[in-house]
Structure formats: C-alpha cells, structure tokens
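K.L.:
this is the structure alone, sequence omitted:
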C-alpha cells in the first residue's frame with residue numbers, strides 16, 4: 001500500500017506529521033514519533049520575543065491597541081520560562097538531524113519586520129529541511145485595516161523566503177476577509193505550503209481574582225471541518241502544498257484531508273493524549289480502509305472530494321448553510 005506523499009517538495013513516506021507541540025521538546029520523544037511512523041516532524045516554535053526582547057519594532061506590535069499600558073508587556077513569559085534560547089534551538093536542530101532520518105521542519109514565530117528573521121537562514125544552516133512561518137498576530141488596533149494585516153503576512157513571507165532555499169510553509173489563521181484571495185497572494189509570494197489553520201487560543205476570566213488568564217484547551221474533532229472545507233476549496237487553485245491541522249484524531253480524518261486535496265495532516269492533541277504510538281495505529285487503519293475500498297495509493301484519492309470534483313460544489317458555499325439548518329430535526 002503506497003501511503004507516500006509530496007509536501008512542499010519533500011517526499012514523505014506518509015501524510016502524518018506531528019505538529020509543533022511539547023512532543024518535540026526532546027530528542028527521545030521525537031525518536032518515538034519517528035519509530036511510530038511519523039513522516040516528518042515540526043519542532044516547537046522559536047519566538048521572536050526570545051530573539052529580540054527589547055527592540056522598538058517588536059514593542060510597536062506588542063503595544064498596539066493596549067493604549068500603552070505598562071502591564072501589557074509584563075504578561076509575557078520571562079525569558080527563562082522558554083525551553084531553550086535561540087542558540088540552543090539551533091544546536092537542537094543539529095543534534096536532531098544526526099539522530100533521526102525523517103525531515104525536520106523548524107518553526108519560526110513572529111510578527112514584526114526585524115532581525116529575528118535571520119534565524120530562518122541559521123535554521124537552514126543547522127540542517128532544517130523546511131521552515132514553518134507562524135505570524136501569530138491579533139490586530140486589536142481599531143485603526144488598522146485588513147489590507148495592512150494581509151501585507152504584514154506577505155512581507156514577512158517574502159523576507160524569510162529571500163533568506164533561505166529550503167521550503168517555507170505559512171501557518172494561517174482563518175480570520176481573513178477573503179481566505180481564497182490571501183491564499184492566492186501568499187502562493188504568488190512564494191509560499192511552498194499553506195497550513196490551515198492556526199488555533200488562536202482564547203483567554204478565560206477568573207471571576208474570583210478578576211483576572212484574565214491563559215487557558216489551553218486541546219483541539220476537538222469537529223474543529224477539523226474548517227480546514228477541511230478550505231483545503232477542498234483551494235485545491236487546484238494554488239501551487240502551494242496544502243495541509244490541515246486541528247482536530248485530526250483517526251485514520252478517517254487523515255483520509256478526509258487527502259480527499260479534500262491536502263498533502264499532509266498535522267496531529268498534536270491526539271498524540272499528547274494517547275502517545276506517539278497512536279501514529280502506527282492510524283497508519284494501520286488507513287491501510288486496512290484502503291484495502292477494503294481497493295485504493296492502491298493515496299495519490300489515487302487526492303482531491304476526489306474537493307470542490308472541483310464533487311457532484312455538488314455548492315456544498316462548500318452558502319447553499320450548505322441553508323441546507324444544514326433545514327436538515328436539523330428535533
């Protein structure tokens with residue numbers, strides 16, 4: 001059974017890639033992911049804040065919308081709270097490349113246009129096979145329009161692409177006015193892959209202490225419907241590889257991503273709950289399902305459920321909204 005796929009030009013033995021999570025914090029756990037069948041691994045993020053804590057450009061973005069409240073920056077973790085510093089991150093890539101045989105995709109997380117981007121080339125020098133660029137930005141300033149936000153993503157992508165030769169994957173949020181258009185612009189700007197979607201973790205309220213507190217909730221299966229829909233819509237319209245993240249839990253979820261038109265399925269929450277060995281179980285179930293349905297390779301099913309391939313393309317658009325509402329019976 002041929003489970004191989006091509007993601008951003010990287011030839012992978014299967015479409016399952018553990019996404020950035022605590023499982024990539026140490027070599028032993030990454031090795032377990034590889035042994036369980038992971039085709040590549042995305043490392044935990046190196047944050048701009050770890051590289052440039054005191055630059056004016058970074059402060060500009062961090063303080064937008066806060067009315068310059070001094071406590072705004074104090075909410076950030078202390079530098080000592082990060083697992084590693086920038087130099088240690090690069091050394092970790094070097095050591096990991098000597099230990100495992102699957103591709104290593106480094107993750108660079110930032111927002112401003114600054115010197116932190118040089119670490120993309122340093123990651124490449126350290127041996128990274130690709131880079132995930134994560135522009136995690138919440139535009140709270142009411143005076144910033146949508147074009148400015150889109151241009152920020154595009155300029156940062158072009159800046160990183162100019163520094164490296166290895167493929168760069170853009171991790172996107174779903175909160176753009178026109179998802180199809182921004183995907184097209186990033187594709188034209190050189191993105192080798194589009195990862196749908198970044199989870200913007202929402203804060204919670206502590207009513208006893210009257211504080212806003214961080215609250216990490218692992219993804220649920222229903223969350224994969226949003227990336228699944230947009231991969232199906234974008235398939236065949238962009239050159240960049242497409243991948244899904246959030247809510248992927250079993251073999252059917254991975255197969256759905258492929259049939260929508262994706263090249264890879266990123267998994268984190270399921271592995272954090274059940275352990276790295278869950279990958280091998282999913283792969284076995286994929287092979288069993290494919291044998292029963294008489295598929296020799298996943299390439300035969302890729303895009304078969306995309307918008308351009310299904311009998312009712314409107315199922316991905318407004319018509320689905322109305323049909324779904326009227327299909328509900330108490």
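P.N.:
The structure has been received and is ready for your questions. Remember, predicted model here, so these are calculated numbers, not experimental data.
K.L.:
isn't residue 29 right up against residue 21?
P.N.:
No. Shown here, residue 29 and residue 21 do not form a contact pair, counting by CB atoms under 8 Å, at 9.6 Å. C-beta here means a position set from N, CA and C on the backbone, and glycine is covered the same way.
K.L.:
what's the burial count for the closest residue to residue 303 other than its chain neighbours?
P.N.:
The shortest distance from residue 303 to any non-neighbouring residue, by CB to CB, 6 or more residues apart in numbering, is to residue 261 (4.2 Å). Other residues lying near residue 261 total 26 when counted by other CB atoms under 10 Å.
K.L.:
any idea how far residue 261 is from residue 241?
P.N.:
Distance, residue 261 to residue 241, by CB to CB, to the nearest Å: 10 Å.
K.L.:
same check, this time on residue 110
P.N.:
Taking CB to CB, one finds residue 110 at 22 Å from residue 241.
K.L.:
just residue 51 next, same as before
P.N.:
Distance from residue 51 to residue 241, by CB to CB: 27 Å.
K.L.:
just residue 125 next, same as before
P.N.:
In terms of CB to CB, residue 125 sits 24 Å off from residue 241.
K.L.:
please identify which of the two sits among more neighbours.
P.N.:
Shown here are residue 125 and residue 241; by other CB under 10 Å, residue 241 has more neighbours (21 against 12).
K.L.:
look up how far residue 136 lies from the more buried one.
P.N.:
Separation of residue 241 from residue 136 (CB to CB) stands at 21 Å.
K.L.:
with residue 33 instead?
P.N.:
From residue 33 to residue 136 the distance is 24 Å (CB to CB).
K.L.:
strands along the stretch 51-200 of the chain, start to end?
P.N.:
104-109, 130-134, 168-172, 193-196 (DSSP state E, counting those that start in this stretch).
K.L.:
starting from the last one, tell me the next helix or strand along the chain.
P.N.:
So the one you mean is strand 193-196. strand 204-206 (DSSP states H and E).
K.L.:
contacts for stretch 112-127, please.
P.N.:
With contact meaning CB atoms under 8 Å, 6 or more residues apart in numbering, stretch 112-127 is reached by 46, 48, 51-52, 55, 57-58, 60-61, 86, 89-91, 93-94, 96-97, 104, 106, 108, 110, 131, 133, 155-156, 159-160, 163-166, 168.
K.L.:
avg pLDDT for that stretch?
P.N.:
Per-residue pLDDT values across stretch 112-127 average out to 88.
K.L.:
same deal with stretch 86-101?
P.N.:
On average, stretch 86-101 scores 95.
K.L.:
how far away from the center of its chain is it?
P.N.:
Computed by CA atoms, centre = their mean, to the nearest Å, the chain-centroid distance of stretch 86-101 equals 21 Å.
K.L.:
same deal with stretch 214-229?
P.N.:
12 Å.
K.L.:
check stretch 116-128 too.
P.N.:
Worked out by CA atoms, centre = their mean, stretch 116-128 lies 19 Å from the chain centre.
K.L.:
can you map out the strands along the stretch 201-330 of the chain?
P.N.:
204-206, 211-213, 241-245, 264-267.
K.L.:
which one's more surrounded, residue 33 and residue 136?
P.N.:
For residue 33 versus residue 136, neighbours defined as other CB under 10 Å are more numerous around residue 33 (26 against 16).
K.L.:
and the contacts of stretch 112-127, which are buried?
P.N.:
In the contacts of stretch 112-127, burial by neighbour count holds for 46, 48, 51-52, 58, 61, 86, 89-90, 93, 96, 104, 106, 108, 110, 131, 133, 156, 160, 163-164, 166, 168, counting by 16 or more other CB atoms under 10 Å.
K.L.:
now the end-to-end length of stretch 136-153.
P.N.:
10 Å (CA to CA, to the nearest Å).
K.L.:
which parts of it are buried?
P.N.:
Using 16+ other CB under 10 Å as the test for burial, stretch 136-153 gives 136-137, 139, 149-150, 152-153.
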